[in-house]
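# Please work out how this folds:
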Amino acid sequence: MRGKSYTNPALVVYVIKNRAGICRIGITTSKKIGNAVQRNRARRVIREAFRQINTPFKGNYDIVFVARTKTVYKKSTDIYNVMLTLLSQAGVIENERSDS
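Numbering: from 1, shown residues only. From the prediction side, this is the model:
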């Protein structure tokens, strides 16, 4: 597989540059996460955490977020912090943290 992956117990992020001119995201959850209700909640939490990111991206990327079993038990603010950490490790966003 091309691209890079960055992991955390709550989330996995795959990042690859694209030529589409925009950033695109994808969210995936497997049946390991739980039943349909838990998978949908995990997707909603990831989507909300991504929506809260207001840091500009450094380029055009395809980003895929993969939910893990611990994602179901986290709130969107927790996933937001994990997401910021992983995306800054990937070099997709600046790693300036306004909180603390």
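
# contacts, neighbours, all on C-alpha from now
Noted.

# show me the contacts for the residue nearest the centre of the chain.
Among the residues of the chain, the one closest to the centroid is residue 65, at 4.3 Å (CA atoms, centre = their mean). By CA atoms under 8 Å, 6 or more residues apart in numbering, the residues touching residue 65 are 11-14, 25-28, 46.

# Out of those, which comes closest to residue 75?
Nearest to residue 75, judged by CA to CA, of the contacts of residue 65 is residue 46 at 9.1 Å.

# List the buried residues in the helix or strand where that closest one lies.
Taking DSSP states H and E as the criterion, residue 46 maps to helix 36-51. Neighbour counts using 16 or more other CA atoms under 10 Å place 38-40, 42-43, 45-50 of helix 36-51 among the buried residues.

# which stretches of this structure have low pLDDT?
In the predicted model, the chain carries pLDDT under 70 at residues 1, 95-100.

# before we move on, back to that, and of the contacts of residue 65, the nearest to residue 3?
Closest approach to residue 3 among these (CA to CA): residue 14, at 6.8 Å.

# Surely that closest one is in a strand?
Yes: per DSSP: H, G, I helix; E, B strand; the rest coil, residue 14 lies within a strand segment.

# Which residues does it form beta bridges with?
residue 5, residue 64 (DSSP bridges).

# That one contacts residue 3, doesn't it?
Yes: judged on CA atoms under 8 Å, residue 14 makes contact with residue 3 at a distance of 6.8 Å.

# ok, back up a step: could you dump the buried residues of helix 36-51 into CSV with distance to residue 70 added?
Converted to CSV, the buried residues of helix 36-51 look like this (distance: CA to CA, whole Å):
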residue, distance to residue 70
38, 11
39, 11
40, 14
42, 9
43, 13
45, 12
46, 12
47, 16
48, 17
49, 15
50, 17
